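>>> sequence plus predicted model, see below.
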Amino acid sequence: MTEVDVTARFAAGDQVRTTRFDPPHHCRLPRYARGAVGIIVEPQGSHPLPDDRARGLPAVPEPVYTVRFHARELFGGGDHSVTVDIWESHLAAEAT
Amino acid sequence: MSGDHHGEAAAISAHVRHVETLLEQRGLVDPQELDRALTAFLAGSSPASGARVVARAWSDEGFRTRLLGDANTALPELGLSMGGGLQEQRLKVVENTDSAHNVVVCTLCSCYPIALLGPSPTWYKSEAYRSRVVRDPRGVLREFGFELAPDLDITVWDASAESRYMVLPRRPGGTEGLDEKQLAALVTRNGLLGVAAV
Amino acid sequence: MSRINDVGGMQGFAPVEQELDEPPFHADWEAHVFAMNRALIGQGVYNLDEFRDAIERMPPEEYLASSYYEKWFHAVTTLLVEKGVFTAAEVQHD
């Protein structure tokens, strides 16, 4: 685990929206969770962004969060929820 | 198996040997060191380790609390860790209860608590499981012969970053008299991933 | 949209099939690919993200037709060539 002191923008319970994009490179935000609104479950430390590391670019550690989405938000149906672990670069605050 | 299948297996086996020999000549791998690392890894990582963790959590309320709070600091109490020869990974243990059920997946590749459970089963890495469990966990679990109660809150944990997930299953009824070793024997790999009850 | 590895939520795949009493590896070469990849990442020949990226860049039809450790071996050889450790001709084997 990389323990780096990076200030996290989000806290448990915050509502966030993931980036809606389709970059032409490695990315750990699954497409089913792009452009979706979810709730931060917890921060899980800071890690370099894989999008950059996979391309040999310098990558500074940034906060990663567990984010919970309702299945309805992701698939338009379902009574379960899915959590996805997401780097801060791929999250924006979403007003409640 | 067909002759073709054997032919393909022999071909890839020879190709792997070829590349390993090249790496050895270049001084990038030492075959004896590879064998030693592999043997050590397989000896230290199997679902039996995960089962020991669960049995302790069922038997020791303090350990259960520590495990759910910060699994990485709790594992050393059993002589275990999430290192496994590479950089230590964060482990998050998620607990099944009367009202909540958890299932683990990695939709993008095959992230798995390998340091604790050993190599993952083929179904876990299959496109069938990875594509469908996030969308229809009840339907997929039914294919494992596991019918979830309709009122359970289901969470599917997609390990898409640096955390690895393991399920703490519900303790079966009628096991009050069992010691940790007997309890551990009840725990299956599928139970640790949330696709089976224990 | 996106790459072939990114299958979460995709429809149409078959029911999940389990193999009873599955061993950690199905053939010796799989264990060797596993160990080789660990050693190469450990030595910094490439990193884990580059390794995943090399799997994801596989042509979709090849990705879907390959077994798990075939994908790994594809990525290992791809990266060894791209990193200049070997030439493409060297990693070939007939």
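Cool, the structure landed.
>>> OK, contacts around the residue nearest to A:P48 when sequence neighbours are not counted?
In space, and not counting its chain neighbours, A:P48 is closest to A:A59: 3.5 Å by Cβ to Cβ, 6 or more residues apart in numbering or on different chains. For every residue, glycine as well, the C-beta is placed using N, CA and C. Contacts for A:A59 were tallied using Cβ atoms under 8 Å, 6 or more residues apart in numbering or on different chains; they are A:P48, A:L49, A:P50, A:D52, A:R53.
>>> what helix or strand is C:D49 on?
Element membership for C:D49, per DSSP states H and E: helix C:48-56.
>>> packing partners for that helix?
When contacts are defined as 3 or more Cβ pairs under 8 Å, 6 or more residues apart in numbering or on different chains; DSSP states H and E, helix C:48-56 packs onto helix A:50-53, helix C:28-42, helix C:68-82.
>>> and the contacts of the first one?
Helix A:50-53 is contacted by residues A:23, A:25-28, A:58-59, A:87, A:89, C:47, C:49-50, C:52 when judged by Cβ under 8 Å, 6+ apart.
>>> so among those, which ones count as buried?
A:H26, A:C27, A:R28, A:A59, A:W87, C:N47, C:D49, C:E50, C:R52 (16 or more other Cβ atoms under 10 Å in any protein chain shown).
>>> and those residues, which two are furthest apart?
A:W87 and C:E50 (17.0 Å; Cβ to Cβ).
>>> need the pLDDT of the residue nearest to A:P48.
A:A59 is assigned a pLDDT of 90 by the prediction.
>>> swap in A:L91?
pLDDT for A:L91: 98.
>>> can you tell me how far the nearest residue to it once chain neighbours are set aside is from B:S59?
Leaving aside its chain neighbours, A:L91 sits nearest to A:V16 (4.6 Å; criterion: Cβ to Cβ, 6+ apart). Counting by Cβ to Cβ, to the nearest Å, the gap from A:V16 to B:S59 is 39 Å.
>>> what do you get for B:A185?
13 Å.
>>> how about the residues of chain A near chain B?
A:1-2, A:28-30, A:32-33, A:44-45, A:47, A:64, A:66, A:68, A:71, A:74-75, A:78-87 (Cβ under 8 Å from any Cβ of the partner chain).
>>> swap in 6 Å and give it another go.
By the rule Cβ under 6 Å from any Cβ of the partner chain, the part of chain A lying against chain B is A:1, A:28, A:30, A:44, A:47, A:64, A:75, A:80-85.
>>> just send these back as CSV, with pLDDT and secondary structure too.
Formatted as CSV, these follow (pLDDT from 0 to 100; DSSP: H, G, I helix; E, B strand; the rest coil):
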residue, pLDDT, secondary structure
A:M1, 49, coil
A:R28, 97, coil
A:P30, 98, coil
A:Q44, 94, strand
A:H47, 95, strand
A:V64, 98, strand
A:F75, 98, helix
A:H80, 98, coil
A:S81, 98, strand
A:V82, 98, strand
A:T83, 98, strand
A:V84, 98, strand
A:D85, 98, strand
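>>> mark which of those residues are buried, thanks.
Using 16+ other Cβ under 10 Å as the burial test, these include A:1, A:28, A:30, A:44, A:47, A:64, A:75, A:80-85 as buried.
>>> quick check: the farthest pair among those residues?
A:M1 and A:F75 (32.1 Å).
>>> A:V16 and B:S59: which is more packed in?
Each of A:V16 and B:S59 has its neighbours counted (other Cβ atoms under 10 Å in any protein chain shown); A:V16 has more, 20 against 15.
>>> any idea how far the residue nearest to A:L91 is from chain C?
Using Cβ to the nearest Cβ, to the nearest Å, A:V16 is found at 18 Å from chain C.
>>> that residue should be in a strand, yeah?
Yes. Under DSSP: H, G, I helix; E, B strand; the rest coil, A:V16 falls within a strand.
>>> highest neighbour count among the contacts of A:A59?
A:P50 leads the contacts of A:A59 on contacts (other Cβ under 10 Å) with 25 neighbours.
>>> neighbours of the residue of chain C at minimum distance from chain B, how many?
Here chain C gets closest to chain B at one residue, C:G8, 3.1 Å apart by Cβ to the nearest Cβ. If you count neighbours by other Cβ under 10 Å, C:G8 ends up with 25.
>>> and A:P63, that one's in a strand?
Yes. Residue state for A:P63 (three-state DSSP) corresponds to a strand.
>>> that one - nearest residue in space that isn't next to it in sequence?
Among residues not flanking A:P63 along the chain, A:A8 sits closest, at 4.2 Å (Cβ to Cβ, 6+ apart).
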